[in-house]
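Chemist: Below are the sequence and a predicted model; questions follow.
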Amino acid sequence: MVYLSDTPYFATAPAECAAEYPDQLQRCSQPPADVFAANIDGALEAAATASGARYVDLRPLLCTESECGAVIGDVLLYRDHDHLTNTFAQLIAPRLQDLVLGRTPDNVPTGSNAATMESN
């Protein structure tokens with residue numbers, strides 16, 4: 001069994017923000033502390049540990065250390081306030097599979113390098 005961390009929750013849906021500011025996408029980025037609910041991931045990790053499951057932190061796939069954005073490269077990340085778009089989910093699927101299976105390859109991108117991910 002695997003527990004996945006929560007995804008960021010944006011007060012303004014990133015897709016709406018990107019549509020409003022297509023030339024200023026940086027305005028749609030938020031610091032991780034502002035978009036992740038406090039203690040949720042800690043509780044999920046504790047539940048995973050207690051049940052003998054693996055805990056997978058999605059933050060490295062979704063955010064950099066300092067920001068969670070709406071778009072990486074030309075790909076919109078979220079279809080609403082906190083659900084990934086199908087396109088982005090397919091793009092990160094190989095890296096997510098590695099994490100779920102306990103493999104931590106050097107090429108698991110952070111949010112800042114996810115734009116360079118190849119869809120293979």
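Modeler: Looks like it came in fine.

Chemist: Just give me the residue right at the centre of this protein.
Modeler: Centroid check for the chain by CA atoms, centre = their mean gives Leu62 as the closest residue, at 2.5 Å.

Chemist: thought it was touching Ser5?
Modeler: No. When contacts are counted by CB atoms under 8 Å, Leu62 is not listed as touching Ser5 (9.1 Å). Placement of C-beta: from N, CA and C, glycine included.

Chemist: before we move on, the earlier item: and the residue nearest to the centre of the chain, what is it in contact with?
Modeler: Contacts for Leu62 (CB atoms under 8 Å, 6 or more residues apart in numbering) come out as Thr7, Pro8, Cys68, Leu77, Gly111.

Chemist: wait, isn't Thr85 in contact with Val75?
Modeler: Yes. In this structure Thr85 lies within contact range of Val75 using CB under 8 Å: 7.4 Å.

Chemist: I'd like to know which elements the longest helix anywhere in the chain is packed against.
Modeler: When the chain is parsed with DSSP state H, its longest helix is helix 86-100. With contacts taken as 3 or more CB pairs under 8 Å, 6 or more residues apart in numbering; DSSP states H and E, helix 86-100 sits against strand 54-56, helix 59-62, strand 75-76.

Chemist: Any buried residues in it, and which?
Modeler: By 16 or more other CB atoms under 10 Å, the buried positions in helix 86-100 come out as Phe88, Leu91, Ile92, Arg95, Leu96, Leu99.

Chemist: With just CA atoms, put stretch 47-54 into CSV.
Modeler: What follows is stretch 47-54, C-alpha atoms only, in CSV (Å, rounded to 0.1, in the frame of the first residue of the first chain):
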residue,chain,number,x,y,z
ALA,A,47,-0.6,6.8,9.0
ALA,A,48,1.6,5.2,6.3
THR,A,49,4.2,4.4,8.9
ALA,A,50,1.7,2.9,11.3
SER,A,51,0.2,0.7,8.7
GLY,A,52,3.5,-0.4,7.1
ALA,A,53,2.8,1.4,3.9
ARG,A,54,5.1,3.6,1.8
